[in-house]
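In: The sequence isn't on hand, but the structure is:
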């Protein structure tokens, strides 16, 4: 009986700790969003974040989308050949890239590149007491460090997702026309005719949500890192893990919202 009670107590502590963490992250997110709309503003920090999150992430997102689209075309052609359905390659590549693979791959690449960078940067600032210096100078750390990065993520990641969708479809197009014998004009026509406005809207909304998650997790775990080099490393690792899981969970929920019917 004592062992059962001890097990239940440990389980209860674990659940309460998890709920407490969710509550802290939610409060942090609400605070960060509110600071976006309240002065003072730091346009220089915003421009730097737009460059780091958007422009400098374009090569890795573009290459990931290109190879994903090409591999998707090969897989669909190979699988469709079993049912004499090779002609569906353009349609499935388009819907697969725009609805799912484009946003998710871009989100995960942003989590790997941007979330880790933000968490390491802010955690290092905390360890070296630069955040304390900001407070001494009457500069709110949330306003100066988190709000510009969050706003930059909300703006740039949907753009990256849109560019990645186009590049991914282009990758499928090149593989299909050069290696699989598809007619170029027919491939493009099938792609355009099959995509709907809702597919594009869902892709961009997912990009906005994923960008917010990636930047928020980097800022949150950077702000709450432990002291020393070990604390910086732990914050960086945890931020990427949590961001990746939340992006996949958010993708599932958003897919249900847009396409449950």
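Out: Thanks, I have it. Predicted model, so just to flag it, every value in this text is computed and none were measured. Numbering: from 1, shown residues only.
In: Only C-alpha atoms from now on, for both contacts and neighbour counts.
Out: Will do.
In: Please list all residues in contact with residue 229.
Out: Residue 229 sits next to no residue when contact means CA atoms under 8 Å, 6 or more residues apart in numbering.
In: Mind jotting down where the helices sit in the protein?
Out: With helices called from DSSP state H, the chain shows them at 2-36, 43-53, 58-80, 89-95, 102-110, 116-127, 130-136, 141, 147-178, 184-194, 197-223, 228-259.
In: Out of those helices, which is the most enclosed?
Out: helix 102-110 (a mean of 26; mean count of other CA atoms under 10 Å).
In: helices or strands next to that one in the packing?
Out: Helices and strands touching helix 102-110, by 3 or more CA pairs under 8 Å, 6 or more residues apart in numbering; DSSP states H and E, are helix 58-80, helix 147-178, helix 197-223, helix 228-259.
In: Show me the one of those that comes nearest residue 124.
Out: Among those, helix 228-259 comes nearest to residue 124, with 6.4 Å by CA to CA.
In: and the angle for the closest one with helix 102-110?
Out: 170 degrees (axes from the mean of the first three to the mean of the last three CA atoms, to 10 degrees).
In: Quick one: distance of helix 228-259 to the chain centre.
Out: Helix 228-259 sits 8 Å away from the centroid of its parent chain (CA atoms, centre = their mean, to the nearest Å).
In: now stretch 42-62
Out: On CA atoms, centre = their mean, the centre of stretch 42-62 falls 14 Å from the chain's centre.
In: before we move on, back to that, make a markdown table out of the helices of the chain and add mean pLDDT.
Out: Formatted as a markdown table, the helices of the chain follow (pLDDT from 0 to 100):
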| stretch | mean pLDDT |
| --- | --- |
| helix 2-36 | 83 |
| helix 43-53 | 93 |
| helix 58-80 | 91 |
| helix 89-95 | 90 |
| helix 102-110 | 94 |
| helix 116-127 | 92 |
| helix 130-136 | 87 |
| helix 141 | 88 |
| helix 147-178 | 94 |
| helix 184-194 | 89 |
| helix 197-223 | 94 |
| helix 228-259 | 92 |
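In: Give me the nearest residue to the most centrally placed residue in the chain, chain neighbours excluded.
Out: In the chain, the centroid-proximal residue (CA atoms, centre = their mean) is residue 107; its distance is 2.6 Å. Once flanking residues are discounted, residue 107 sits nearest to residue 210: 5.5 Å by CA to CA, 6 or more residues apart in numbering.
In: Surely the one you found and residue 249 touch.
Out: No. Contact criterion CA atoms under 8 Å: residue 210 and residue 249 do not qualify, at 10.3 Å.
In: if we can go back for a sec, could you tell me how far the residue nearest to the centre of the chain is located from residue 217?
Out: The gap separating residue 107 from residue 217 is 13 Å, by CA to CA, to the nearest Å.
In: what do you get for residue 138?
Out: Between residue 138 and residue 217 the distance is 25 Å, computed by CA to CA.
In: Residue 180 too?
Out: Where residue 217 is concerned, residue 180 sits at a distance of 42 Å (CA to CA).
In: same question, residue 163
Out: Counting by CA to CA - residue 163 and residue 217 are separated by 24 Å.
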